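1. let's see this in three dimensions:
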Amino acid sequence: MTLVLEQLLNGVQFGVMLFLLAAGLTLIFGIMGVINLAHGSLYMVGAYAGAIVAAKTGSLLLAIPAALAAAAAAGVAMELLVLRRLYQRDHLDQVLATFALILIFNQGVTLLFGRQPLFVSIPPLLNGSVELLPGLSYSVYRLTIIAVGLLVAAGLSILINRTRVGMLVRAGATHRDMVRALGVDIKLLYTAVFGLGALLAGLAGLMAGPILAVQVGMGEQILIMTFVVVVIGGVGSVRGALFGALIVGIVDTCLRAFLPGLLRQVMAGSEADALGAGLSSMGIYLLMAVVLLLRPKGLFPSHA
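-> Numbering: from 1, shown residues only. Prediction:
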């Protein structure tokens, strides 16, 4: 039972990381209609900026604003220089252009920092574990990630549903020309939304640093799963991104943790491990297929 609870917490922690990426991605696609394959590169920028500043200064307090500022600045520059020219273009053009941006970001990071992975230490204040239940100790750092993700989700919900900016964002997603006709600077609104999405991706990269190796291409490894979250949750829906991310995180983590062991009950160990790994990798895509069959627009379509 303790192992199950621990893996569920791991799944929630992974889901929160996915949410930080998916929230920005779903806002960008839902409002601007832009397919941004380079969103994972902003995650990488945040991870590298946080890792380098933390290594140079030894201070997490300095690494946090550095990572957020670097990712937001990279995102705003991306929107101003490239994506602004693609809003009225075909999705294929957007895919090709943002795929080119992935290559540019990866090569740029390689030239600046090399291909050797960077490893980030967990801050001393957040190191160690806390006993949640008798026999269940869990990492303080992972609990902090969960708490930060849920706070961000609450803040985004308030921003989107309770503020004038959020009203414009929701209106811009469905009635773009009407918002422009009311005198709203739609270009500035798009840049702000893109910057916010980039900042959230950078926050995810910053928090992933002490858990995963910071390396070139790390954004592409998680981007496909982030798109799965957006499809399951519903394009343009922050609430959908949260629930979709938690579902995907828990399902993926539990399948990888428990499926090989269950298969060992009915077949040889090596075969069970190989089959279990393959089925675990397929699990979230099968889940996405089922959701699309039952609810083609996702669980919470467009700001539901």
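
2. mind checking how far the helix or strand containing V290 is from the chain centre?
-> Per DSSP states H and E: V290 is located in helix 269-294. In terms of CA atoms, centre = their mean, to the nearest Å, the centre of helix 269-294 is found 21 Å from the chain centre.

3. which strands and helices sit next to it?
-> Secondary-structure packing of helix 269-294 (3 or more CB pairs under 8 Å, 6 or more residues apart in numbering; DSSP states H and E): helix 218-233, helix 238-263. Every C-beta, even on glycine, is put in place using the N, C-alpha and C of the backbone.

4. now it: buried residues?
-> By 16 or more other CB atoms under 10 Å, the buried positions in helix 269-294 come out as A272, D273, G276, S280, G283, I284, L287, M288, V291.

5. hang on, the second one packs against P260?
-> So the one you mean is D273. Yes. Applying CB atoms under 8 Å as the test, D273 and P260 come out as touching, 5.0 Å apart.

6. for A74, give me its contacts.
-> Counting by CB atoms under 8 Å, 6 or more residues apart in numbering, A74 touches S41, L42, V45, F105, A198.

7. next, count neighbours for A257.
-> 18 (other CB atoms under 10 Å).

8. how far away is the residue lying closest to it once chain neighbours are set aside from S281?
-> Residue nearest to A257 in three dimensions, not counting chain neighbours: Q7, with 4.6 Å by CB to CB, 6 or more residues apart in numbering. Counting by CB to CB, to the nearest Å, the separation of Q7 from S281 is 17 Å.

9. what about L25, which helix or strand?
-> Using DSSP H and E, L25 sits in helix 2-32.

10. starting at the chain centroid, how far to that helix?
-> With CA atoms, centre = their mean, you get 7 Å for helix 2-32.

11. packing partners of that helix?
-> Partner elements for helix 2-32 (3+ CB pairs under 8 Å, 6+ apart): helix 39-57, strand 129-133, strand 136-139, helix 140-162, helix 164-174, helix 186-208, helix 218-233, helix 238-263.

12. mind doing that once more with 7 Å?
-> Packing partners of helix 2-32 (3 or more CB pairs under 7 Å, 6 or more residues apart in numbering; DSSP states H and E): helix 39-57, strand 136-139, helix 140-162, helix 164-174, helix 186-208, helix 218-233, helix 238-263.

13. which SS class is L96?
-> helix (DSSP: H, G, I helix; E, B strand; the rest coil).

14. going forward can the numbers begin at 354, since that is how I track them
-> Right, with 354 as the first residue, what we last looked at is L449.

15. now for it, how many residues are close by?
-> By other CB under 10 Å, 14 other residues sit near L449.

16. quick check: it vs Q441, distance?
-> Distance of L449 to Q441, given as CB to CB: 15 Å.

17. V546 too?
-> From V546 to Q441 the distance is 17 Å (CB to CB).

18. what about the protein, any weak spots by pLDDT?
-> Counting by pLDDT under 70, the ranges of the chain that qualify are 525-527, 529, 655-657.

19. now do 50
-> 656-657 (pLDDT under 50).

20. follow-up on the earlier one: P470 is nearest to which of the helices and strands packed on helix 355-385?
-> Comparison of the helices and strands packed on helix 355-385 against P470 by CB to CB identifies helix 571-586 as nearest, at 8.8 Å.

21. buried ones in the closest one?
-> 571-573, 575-576, 578-586.

22. okay if I get those as CSV plus distance to A507?
-> Output for the buried residues of helix 571-586, formatted as CSV (distance: CB to CB, whole Å):
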residue, distance to A507
M571, 27
G572, 26
E573, 30
I575, 23
L576, 25
M578, 23
T579, 20
F580, 24
V581, 24
V582, 18
V583, 20
V584, 24
I585, 21
G586, 17
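
23. nearest to L415, of these?
-> M571 (21.8 Å).
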